[in-house]
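In: Show me the folded form of this:
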Amino acid sequence: MNTQSKIETDPRWMSIVNRDATANLSFVYAVKTTGIYCKPSCPSRRAKPENVTYFDTADEAEQAGFRACLRCGTARETVGRNSHAEAIARAC
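Out: The predicted model follows:
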């Protein structure tokens, strides 16, 4: 099975295709050709499947050398983090 087929058969790919906002807290995807990672609901142009890599958290994507998307720039704040605890800490 080639890389494109593996990506397209992964259930996360359908979340990207459908721009599923309910998947935003589950993972981010990075695009190798742009060096950017996005939330599944990002309105940007869809990447070719062979250029996509999945990460459980925004931190993992950044450690791999990707930066947050400017269109859905909140990816770093919402994925793989306890955003409620962070909001409370900022308020204090």
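
In: and the closest residue to Ser41 other than its chain neighbours, what are its phi and psi?
Out: Spatial nearest neighbour of Ser41, excluding adjacent residues (CB to CB, 6 or more residues apart in numbering): Ala21 at 4.1 Å. No exception for glycine: its C-beta is placed from N, CA and C like everyone else's. When read as degrees, to the nearest 10, the backbone of Ala21 gives phi -70, psi -20.

In: mind listing what Ala21 touches?
Out: 39-41 (CB atoms under 8 Å, 6 or more residues apart in numbering).

In: So it versus Leu70, what's the distance?
Out: Distance of Ala21 to Leu70, computed by CB to CB, to the nearest Å: 18 Å.

In: can you dump the C-alpha coordinates of stretch 41-61 into CSV?
Out: Output of stretch 41-61 as CSV, limited to C-alpha atoms (Å, rounded to 0.1, in the frame of the first residue of the first chain):
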residue,chain,number,x,y,z
SER,A,41,-11.5,22.2,10.1
CYS,A,42,-9.0,24.6,8.5
PRO,A,43,-10.5,26.4,5.5
SER,A,44,-7.2,26.4,3.6
ARG,A,45,-6.8,24.5,0.3
ARG,A,46,-6.6,20.8,0.9
ALA,A,47,-3.2,19.2,0.7
LYS,A,48,-2.4,16.2,-1.4
PRO,A,49,-2.6,13.1,0.7
GLU,A,50,0.9,12.1,0.1
ASN,A,51,2.1,15.4,1.7
VAL,A,52,0.2,15.0,4.9
THR,A,53,1.5,13.8,8.3
TYR,A,54,-0.7,13.4,11.4
PHE,A,55,0.2,14.5,14.9
ASP,A,56,-1.7,14.0,18.2
THR,A,57,-0.7,17.4,19.5
ALA,A,58,0.5,20.8,18.2
ASP,A,59,3.6,20.4,20.3
GLU,A,60,4.5,17.3,18.4
ALA,A,61,4.1,19.0,15.1
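
In: Offset the numbering so it begins at 13, please.
Out: With 13 as the first residue, the last one maps to stretch 53-73.

In: buried ones in that stretch?
Out: Judged by neighbour count (16 or more other CB atoms under 10 Å), stretch 53-73 contains these buried residues: 53-54, 59, 61, 64-67, 70, 72-73.
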